[in-house]
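Colleague: model this:
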Amino acid sequence: MSSPSPIATAETRSTYHVLIWTGVLVLALIQVFVSFRGLDSAAGMDQAQIARELARGNGFSTRFIRPMALQQATSAGKQPNFSLLPDTSQPPVQPLLWAPAFKAMQSKWSFEDKKRTYPLDRVIACFGVTWLLISLVLIHGIAKRLFDLNIAAFTVLTLALCHPLWQMAVGGSSRALLMLLVVLFFHRFQEALRRDHTGERIGAALVFQLIVLGGIIALTHWMGVWLVAGLVVAWWFCLPSSRAGAYVLLVLIIGCISSWGARNLMVGGDPMGMFKANLLSILTPLPAAVHLRDLSGTLPSAFFGTLINRINHNFADLLSNLYLLLMGSLPAMLAVVSLVHRFRNPVVNSMRNAVFITWAAVIVGSVILGGQTDKIGDEQIHTALVPLLTAFGLATLAVLWARLRTDRRTVWTDFGYAFVIVFISAWPMASGLYYGIVEGLFAKDKLINWPPYMPDATGLLNKLVNEDELVVTDQPWAVAWYADRTAIWLPKTKEQFQVLKKEAAAQQRPIVGMLLSPMSTLDEHVHTAFTGNYAPWADVILRSPVLGLGVDLGENMKDAQLFRRPIPLGGMTLPDGRLVPLLTYFSDEDRSARISPPSAKKNSGK
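Modeller: Prediction:
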């Protein structure tokens, strides 16, 4: 697209590309083996413990018990097993990919002494980084064919220096795999566009590849359905000679979703499974997490005004958080400018239209279901299109920069726009990379994402709780993954907890403790404990941090008599040296002898 600079000879360009890819590989090794802090994705941990059950031969089962799942099974006349439930929450593709690796590393399922990083967390990080590296290779090929080698190189460099992308890759989220699948889809879609514009026959094999990839995308992330809907529309508009393939893809997606719904109905009692909570959150003021913790099964009143307000609020959130949603890639934000430019190559124009049609569908899904400002971002799939948007953003900037070019050819006049864009996008990583490397080298295998996760401390529940016993917690995904114990999400009300307690005891699966984590115990304002999602449990939740002041509120609380033995597992240190417990296990009896005395773990993450 842009003519090569006379300074940049073929030999120097080759050297630059070798340096770029070498740097990318070095960054990948640093993220996995030096500065790695463990998983930070709740959905990733949930999928990981499902993959471990697959490796055990238990099928798509979960140790993460949602009260809504129990209610659905009971309403359908089924007897839910309190030790292991069929999962109706997570999509199947990523757990299926992880399960063979987990089976091969069965000896690493338990924690190693003196290490705070769970071995399988690093395995998951290797998968995520692999997906990211392959995505970079594919987007390099796409950008090279659409534009030129320079745009391709700067696209890879910009993406490789976007720190949020690496965080996503090592955090366990299925969005890394989703991004790979979307880039691969557009890699093949670009070839179909090229054949269509040159008069060649597209071929059944290429159409089949696109259809299969679309089906896998829909089963990788439930929000991926919006992506596939956009891909179907893009196919219909941008590839008119092969519209039959778009119809086949649409039928396939409907078939895949219907089949999984039928499976959910058979094993869980409701075709929508846990996704029903997301739908309820659209029409009610309560978030999906509260519906998932509700055992009553009573459908709250739906308000059309709530839907309108939710959509307006979500759209405002999307606009204000666009930079973060696009992983800090400035060219991806500027890609929208390409819509007002007509490229000389008609394939480029068709490809751009397809990308933006797909992104429009993703935006519609995000505006309806929301979640732009959640801390982890598992529901945000804008990431899947970031590589493509980055390439188009850089190409558009190259066109605009060329119009400012003078007769004097220098590296700056040719690539100044790219230097500025790469510098801005890379600044967050550059400013923290040195510190991350030094910290990783001096605290090897001891870095964690604290708060809210402390894998080694949570893993102690494997010793504190027997296999036939249960715990209730505000962090059940972490307990199920790190402790390999069945955990019930803290019910919506204390009355519902009493119901669960009786039902579990009837199955000889007693609830013997409660684990409270920073998910509920750490907040900026004290009053949030009385007004937030865990408001009915405010007195119990405040019991944990107040222990650091030498006071046990449980002595005067009737609800605390069931779990009267607090075992602080981790917290934050006050200036006077006292530990404020933020991760505390409240046991039915004194079980501290089962573990070594927990050390005072500070909030430094070391």
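
Colleague: Below-threshold pLDDT in the stretch 351-500 of the chain: ranges please.
Modeller: Counting by pLDDT under 70, the ranges of the stretch 351-500 of the chain that qualify are 371-377, 406.

Colleague: can you pull out the strands in it?
Modeller: 470-473, 487-489 (DSSP state E, counting those that start in this stretch).

Colleague: Please identify which of these is closest to Lys463.
Modeller: strand 470-473 (12.6 Å; CB to CB). Heads up, the C-betas are built off the backbone N, CA and C, glycines and all.

Colleague: I would like the residues contacting the closest one, please.
Modeller: With contact meaning CB atoms under 8 Å, 6 or more residues apart in numbering, strand 470-473 is reached by 65, 82-83, 461, 465, 479, 485-491, 497, 500, 504, 509-517, 585.

Colleague: Same question for stretch 108-124.
Modeller: The contact list for stretch 108-124 (CB under 8 Å, 6+ apart) reads 32-33, 36-39, 44, 48, 52, 98, 101-102, 105, 170, 172, 445-448, 454-456, 459, 462, 481-482, 484.

Colleague: Then stretch 341-348?
Modeller: Contacts with stretch 341-348, where a contact means CB under 8 Å, 6+ apart, come from 146-147, 190, 193-194, 197, 349, 352, 395-396, 399.

Colleague: Nearest to Ile134 among these?
Modeller: Nearest to Ile134 among those is Gln190, at 16.2 Å by CB to CB.

Colleague: any idea how far the closest one is from Val183?
Modeller: Counting by CB to CB, to the nearest Å, the gap from Gln190 to Val183 is 10 Å.

Colleague: out of the two, which sits in the more crowded spot?
Modeller: Each of Gln190 and Val183 has its neighbours counted (other CB atoms under 10 Å); Val183 has more, 23 against 20.

Colleague: list the buried ones in whichever strand or helix holds that one?
Modeller: Here Val183 sits within helix 175-198, counting by DSSP states H and E. Residues of helix 175-198 classed as buried by neighbour count (16 or more other CB atoms under 10 Å): 175-196.

Colleague: Return the mean pLDDT over that helix, rounded to an integer.
Modeller: Computed over helix 175-198, the mean pLDDT rounds to 96.

Colleague: Where does Tyr585 sit: helix, strand or coil?
Modeller: In the three-state summary, Tyr585 is assigned as strand, counting by DSSP: H, G, I helix; E, B strand; the rest coil.

Colleague: give me the low-pLDDT residue ranges for the chain?
Modeller: The model of the chain has pLDDT under 70 over residues 1-11, 113, 300-303, 371-377, 406, 524-527, 554-562, 596-606.

Colleague: where along it do the strands fall?
Modeller: Per DSSP state E, the chain carries strands over the ranges 61-62, 64-65, 85-86, 470-473, 487-489, 511-516, 565-573, 579-587.

Colleague: Indicate which one of the ones you listed is closest to Ile595.
Modeller: Of all these, it is strand 565-573 that lies closest to Ile595, at 8.1 Å by CB to CB.

Colleague: what's the offset of the closest one from the middle of its chain?
Modeller: Chain-centre distance of strand 565-573: 28 Å, with CA atoms, centre = their mean, to the nearest Å.

Colleague: What of stretch 246-255?
Modeller: Its chain's C-alpha centre and that of stretch 246-255 lie 26 Å apart, by CA atoms, centre = their mean.

Colleague: tell me which residues of it are tucked away?
Modeller: Neighbour-count burial for stretch 246-255 flags 246, 248-250, 252-253 (criterion: 16+ other CB under 10 Å).

Colleague: next one: stretch 497-514
Modeller: 497, 500-501, 503-504, 509-514.

Colleague: Tell me how far Phe530 lies from Ala538.
Modeller: For Phe530, the distance to Ala538 equals 5 Å [CB to CB].

Colleague: Of these two, which one has the most company?
Modeller: Neighbours were counted for Phe530 and for Ala538 using other CB under 10 Å; Ala538 has more, 17 against 14.

Colleague: mind listing what the more buried one touches?
Modeller: Counted by CB under 8 Å, 6+ apart, Ala538 has contacts 529-530.

Colleague: ok, so what distance separates Leu324 from His382?
Modeller: Separation of Leu324 from His382 (CB to CB): 10 Å.

Colleague: The two: which has the busier surroundings?
Modeller: It is His382, of Leu324 and His382, that has more neighbours when counted by other CB under 10 Å, with 24 against 14.

Colleague: looking at this structure, which residue lies furthest from center?
Modeller: Using CA atoms, centre = their mean, the residue of the chain lying farthest from its centre is Asp407. It sits 48.3 Å away.

Colleague: Was I right to think Asn278 contacts Ala288?
Modeller: Yes - counting by CB atoms under 8 Å, Ala288 is a contact partner of Asn278 at 4.9 Å.

Colleague: circling back: pull out the buried members of the contacts of stretch 108-124.
Modeller: Buried among those by 16+ other CB under 10 Å: 32, 36-39, 44, 48, 52, 98, 102, 170, 172, 445-448, 454-456, 459, 462, 481-482, 484.

Colleague: Tell me which of those fall in helices.
Modeller: Judged by DSSP state H, the buried ones among the contacts of stretch 108-124 include 32, 44, 48, 52, 98, 102, 170, 455-456, 459, 462 as members of helices.

Colleague: I'd like those residues written out as JSON lines, with distance to Glu469 added.
Modeller: JSON lines is the format used below for those (distance: CB to CB, whole Å):
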{"residue": "Val32", "distance to Glu469": "35"}
{"residue": "Gly44", "distance to Glu469": "26"}
{"residue": "Ala48", "distance to Glu469": "22"}
{"residue": "Arg52", "distance to Glu469": "19"}
{"residue": "Trp98", "distance to Glu469": "27"}
{"residue": "Phe102", "distance to Glu469": "24"}
{"residue": "Val170", "distance to Glu469": "33"}
{"residue": "Pro455", "distance to Glu469": "21"}
{"residue": "Asp456", "distance to Glu469": "21"}
{"residue": "Gly459", "distance to Glu469": "16"}
{"residue": "Asn462", "distance to Glu469": "11"}
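
Colleague: how about the helices in the stretch 201-350 of the chain?
Modeller: 204-218, 224-238, 243-268, 275-283, 288-292, 304-320, 322-325, 330-334, 346-369 (DSSP state H, counting those that start in this stretch).

Colleague: Identify each buried residue in the helix ranked longest in the chain, please.
Modeller: Longest helix in the chain, counting residues (DSSP H): helix 411-442. Residues 414-415, 417-418, 421-422, 425-426, 429, 433, 436, 439-440 are the ones in helix 411-442 that count as buried (16+ other CB under 10 Å).

Colleague: Next: stretch 15-24.
Modeller: By neighbour count on 16+ other CB under 10 Å, the buried set for stretch 15-24 is 17, 20-21, 24.

Colleague: before we move on, what about stretch 308-315?
Modeller: Counting neighbours by 16+ other CB under 10 Å, one finds that the buried residues in stretch 308-315 are 310-311, 314-315.

Colleague: Can you report how many residues lie near Ser258?
Modeller: Applying other CB under 10 Å, we find 11 other residues in the vicinity of Ser258.

Colleague: Same question for Val26.
Modeller: When neighbours are counted by other CB under 10 Å, Val26 registers 11.

Colleague: Surely Leu385 touches Ile357?
Modeller: No - applying CB under 8 Å, one finds Leu385 not in contact with Ile357, separated by 10.9 Å.

Colleague: what residues are up against the residue nearest to Arg591 when sequence neighbours are not counted?
Modeller: Spatial nearest neighbour of Arg591, excluding adjacent residues (CB to CB, 6 or more residues apart in numbering): Leu464 at 5.0 Å. Contacts for Leu464 (CB under 8 Å, 6+ apart) come out as 513, 567, 585, 587, 591, 594-595.

Colleague: top of those residues by neighbour count?
Modeller: In terms of neighbour count, Tyr585 stands highest of the contacts of Leu464 at 30 neighbours, by other CB under 10 Å.
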